[in-house]
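In: Fold the following, please.
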Amino acid sequence: GDLPIFPIPDHGVRGSEGNWKKIWITLQWASVAADWFAQWFVLSDDDTFWVIENLRALLSNCPVLAEAHTSNTPLYLGRIMWEPHYSVAFNQGSGTVINLAALRELMRCPAHVVDEVTTFGDVQVRGTL
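Out: Sure thing, here's the model as predicted:
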């Protein structure tokens, strides 16, 4: 079936410089609503291609993931890729997957990290976890 799409208010945050703030607003909303709609969360940019059937199969059939998820261990599936000669990190093109325990851990993100203005939301998520 179709995945639900929930519109998130932009709170005046526009452009790529506000990527982290947009991600943070979305994660806050998801953490409040999470218990009634999801156990896993996909974070990706608008140009990411997902094979949802394969992702569902991985999340439901991998014994290591199932055991960690059942024990409420925060799980982050993804990788920060660093290109030192460009001094940038990127991950949103490839996307990441986190479970509900990781989302709850993210909600404890220190205020100084939440308030940073950066395009690197992927780095902020990974750094917090």
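
In: C-alpha from now on. contacts and neighbour counts both.
Out: Will do.

In: which parts of the strand or helix carrying residue 69 are buried?
Out: Using DSSP states H and E, residue 69 falls within helix 63-70. By neighbour count with 16 or more other C-alpha atoms under 10 Å, helix 63-70 contains the buried residues 65, 69.

In: C-terminal to that helix, which secondary structure element comes first?
Out: Scanning forward in sequence from helix 63-70 by DSSP H and E, the next helix or strand is strand 76-77.

In: Which strands and helices lie in contact with the helix holding residue 69?
Out: Helices and strands touching helix 63-70, by 3 or more C-alpha pairs under 8 Å, 6 or more residues apart in numbering; DSSP states H and E, are helix 52-61.

In: Outside of the helix it packs on itself, which residues are in contact with it?
Out: Here helix 52-61 makes contact (C-alpha atoms under 8 Å, 6 or more residues apart in numbering) with 65, 66.

In: before we move on, the earlier item: just the angle between the helix holding residue 69 and helix 52-61, please?
Out: Inter-element angle recorded for helix 63-70 and helix 52-61: 70 degrees (by axes from the mean of the first three to the mean of the last three C-alpha atoms, to 10 degrees).

In: what mean pLDDT would you report for helix 63-70?
Out: Averaged across helix 63-70, pLDDT comes to 86.
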